[in-house]
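J.: Quick one, what's the 3D model for this:
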Amino acid sequence: MIQSKIFILFISLISLTSFGQSKNFLDRSYLETKAKVDTLVTPDKITIEITIDEEDTKKKKTAEEQEQDLKRALESLDIDISEDLTLVDLSSDFKKYFLRGQKVLKAKTYNLIVHDAKMAGRVLVKLDQAEISNVNITKTEFTDRENLILQLKAKAVLKAKKNAEAMLKPLDIKLGPLLYVSDLQMRQNYLSGKVSGVQLRGMASVPPPPAPEMLDIEFEKIKFTAEVFAKFSI
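T.: The predicted model follows:
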């Protein structure tokens with residue numbers, strides 16, 4: 001019974017202490033401010049979707065023959081196909097086979113990763129020369145995203161402090177320590193199927209290359225934005 005009373009008294013003291021600290025926090029004079037920073041970065045991971053389809057080819061090549069053409073085209077550009085080329089879908093048109101008595105037509109979809117617009121342009125030209133026309137750029141990314149986000153958050157906090165100091169300077173009031181800080185938003189825009197001057201819906205929409213091994217394309221930069229809310233004592 002005595003232990004129970006001691007425990008209840010201990011909990012009561014903690015509650016009173018916490019209440020007192022909260023009250024002291026609320027009684028303090030403070031200044032609130034927001035700050036936003038952003039930056040543009042060049043994408044360094046570009047995903048190209050490549051589909052080979054027995055039904056689309058003019059020369060009626062099998063999926064396996066087109067696959068070999070694809071691999072030869074990429075290897076000629078020194079692309080490591082074991083690392084950067086991934087099979088994402090394999091389908092066969094069994095419906096036509098059973099209902100119309102036609103042979104099974106196969107299609108394969110790959111994702112290819114390249115790391116700059118120059119290589120993406122070279123890939124598009126090589127695939128066009130290999131008569132592989134169903135090609136789309138589906139995504140662009142910045143691989144050091146996490147570190148960039150941390151840097152932007154740090155800059156946003158510093159900017160919030162500078163904003164607070166600027167507001168207090170005309171009043172000759174010194175800014176106190178930081179009481180509270182919180183993320184408000186972290187945004188980024190990802191490119192999906194758009195490049196400057198080129199609409200990619202198969203190679204038929206790509207203009208003739210200015211040189212045999214090059215297609216001059218440029219990706220929009222990816223925008224990252226960080227915003228914080230900060231409260232300083234004064």
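J.: Isn't residue 224 up against residue 41?
T.: Yes. Residue 224 lies in contact with residue 41 (C-beta atoms under 8 Å); the separation is 6.8 Å. Using the backbone N, CA and C atoms, a C-beta is placed for each residue, glycine as well.
J.: which one of these two has more residues nearby?
T.: More crowded of residue 224 and residue 41, by other C-beta atoms under 10 Å: residue 224, with 20 against 14.
J.: so what sits against both of residue 224 and residue 41?
T.: 142, 148 (C-beta atoms under 8 Å, 6 or more residues apart in numbering).
J.: tally of neighbours for the nearest residue to residue 106 once chain neighbours are set aside?
T.: The shortest distance from residue 106 to any non-neighbouring residue, by C-beta to C-beta, 6 or more residues apart in numbering, is to residue 63 (4.2 Å). Residue 63: 18 surrounding residues under other C-beta under 10 Å.
J.: which residues touch residue 63?
T.: With the criterion set at C-beta under 8 Å, 6+ apart, residue 63 makes contact with 52, 53, 54, 106, 107, 108.
J.: hmm, which two among the residues you listed are most spread apart?
T.: 54 and 108 (9.5 Å; C-beta to C-beta).
J.: And the helix or strand where residue 119 lies, what does it pack against?
T.: Following DSSP states H and E, one finds residue 119 within helix 117-129. On a contact count with 3 or more C-beta pairs under 8 Å, 6 or more residues apart in numbering; DSSP states H and E, helix 117-129 meets strand 45-53, helix 63-75, strand 106-114, strand 134-141.
J.: let's see 10 Å
T.: strand 45-53, helix 63-75, strand 106-114, strand 134-141, strand 194-195 (3 or more C-beta pairs under 10 Å, 6 or more residues apart in numbering; DSSP states H and E).
J.: now those in JSON lines, with mean pLDDT?
T.: As requested, these are arranged in JSON lines below (pLDDT from 0 to 100):
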{"stretch": "strand 45-53", "mean pLDDT": "92"}
{"stretch": "helix 63-75", "mean pLDDT": "92"}
{"stretch": "strand 106-114", "mean pLDDT": "90"}
{"stretch": "strand 134-141", "mean pLDDT": "91"}
{"stretch": "strand 194-195", "mean pLDDT": "54"}
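J.: Using a markdown table, lay out those together with distance to residue 215.
T.: Listed next are the helices and strands packed on helix 117-129 as a markdown table, based on distance: least, C-beta to C-beta, whole Å:
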| stretch | distance to residue 215 |
| --- | --- |
| strand 45-53 | 12 |
| helix 63-75 | 14 |
| strand 106-114 | 12 |
| strand 134-141 | 11 |
| strand 194-195 | 10 |
